[in-house]
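# Prediction below, plus the sequence it came from.
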Amino acid sequence: AQRVTQPEKLLSVFKGAPVELKCNYSYSGSPELFWYVQYSRQRLQLLLRHISRESIKGFTADLNKGETSFHLKKPFAQEEDSAMYYCALSRSGYSTLTFGKGTMLLVSP
Amino acid sequence: GAGVSQSPSNKVTEKGKDVELRCDPISGHTALYWYRQSLGQGLEFLIYFQGNSAPDKSGLPSDRFSAERTGGSVSTLTIQRTQQEDSAVYLCASSLSDSSSYEQYFGPGTRLTVT
């Protein structure tokens, strides 16, 4: 069975510092990887997906199949980045998502 | 346009009672998903509907859980004989189709508390 691991429950950084939220997965096939974000009192929403290879709000994530990782990075954190971040995986040919347990990012001024 | 809506937003029930949670997907979205968000377990997939196909029930934790989707639109998740471990936020999501290429749009959730 597939599994997504986010080792950090909480990541606290200062404004302007680099941020890396870790995500590792286990799946024998070719997965699709996503990052979802939930800001305070808002709905869960898609941040980015690996197939798009895009940068959203300054965040990027690269799929490393050798290390089975999909870490989320931003060079300079902003206070408005404070939120709960979930890494998620969908199996090849399926759309249902398997989520990690999430990492709370707190960016202090 | 309107996003995914869920009702009620909060539900408190006594152990052993049945509850129904409702989801209104975005109009035109053929795929509908239910997830559960609980402390310690994170977000878990429960059940998935796509058009007129048989639902994927592989995530339902027990036979006390069931769901229907009427007319390819509104969905109801029913939990029978609720237990305290059923306390969680139940999230509904919809997407244009069942391909993972289509973004899943989430509702605000129903917070269920079983006392």
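Alright, I've got the coordinates.

# What residues sit buried inside stretch A:34-49?
For stretch A:34-49, burial by neighbour count (16 or more other CB atoms under 10 Å in any protein chain shown) applies to A:34, A:35, A:36, A:37, A:38, A:43, A:44, A:46, A:47, A:48, A:49. Placement of C-beta: from N, CA and C, glycine included.

# Sorry, wrong one. I was asking about stretch A:88-104.
Of the residues in stretch A:88-104, those buried under the neighbour-count criterion (16+ other CB under 10 Å) are A:88-91, A:94-103.

# Likewise for stretch A:58-65?
Residues of stretch A:58-65 classed as buried by neighbour count (16+ other CB under 10 Å): A:59, A:61, A:63.

# for the last one, what are its contacts?
It refers to residue A:63. Listed by CB atoms under 8 Å, 6 or more residues apart in numbering or on different chains, the contact partners of residue A:63 are A:33, A:50, A:69, A:70.

# same check, this time on the second one
Contacts for residue A:61 were tallied using CB under 8 Å, 6+ apart; they are A:23, A:33, A:35, A:48, A:50, A:70, A:71, A:72, A:73.

# so the most centrally placed residue in chain B is in which element?
In chain B, the C-alpha nearest the mean C-alpha coordinate belongs to residue B:34, at 3.2 Å (CA atoms, centre = their mean). Residue B:34 belongs to strand B:31-38 when assigned by DSSP states H and E.

# and if you look at residue B:94?
strand B:88-95.

# Paired strands for that strand, with orientation please.
Paired with strand B:88-95 in the same sheet, following DSSP bridges, are strand B:31-38 (antiparallel), strand B:105-106 (antiparallel), strand B:110-114 (antiparallel).

# Out of the buried residues of stretch A:58-65, which sit inside strands?
Using DSSP state E to define strands, the subset of these located there is residue A:61.

# one step back: so what's the residue nearest to the centre of chain B bridging to?
For residue B:34, the residues forming beta bridges with it (DSSP bridges) are residue B:47, residue B:92.

# Run through chain B and note the low-pLDDT ranges.
B:1 (pLDDT under 70).

# if you set the cut-off to 80 instead, what comes out?
Applying pLDDT under 80 to the predicted model, the residue ranges of chain B that meet it are B:1, B:40, B:72, B:98-101.
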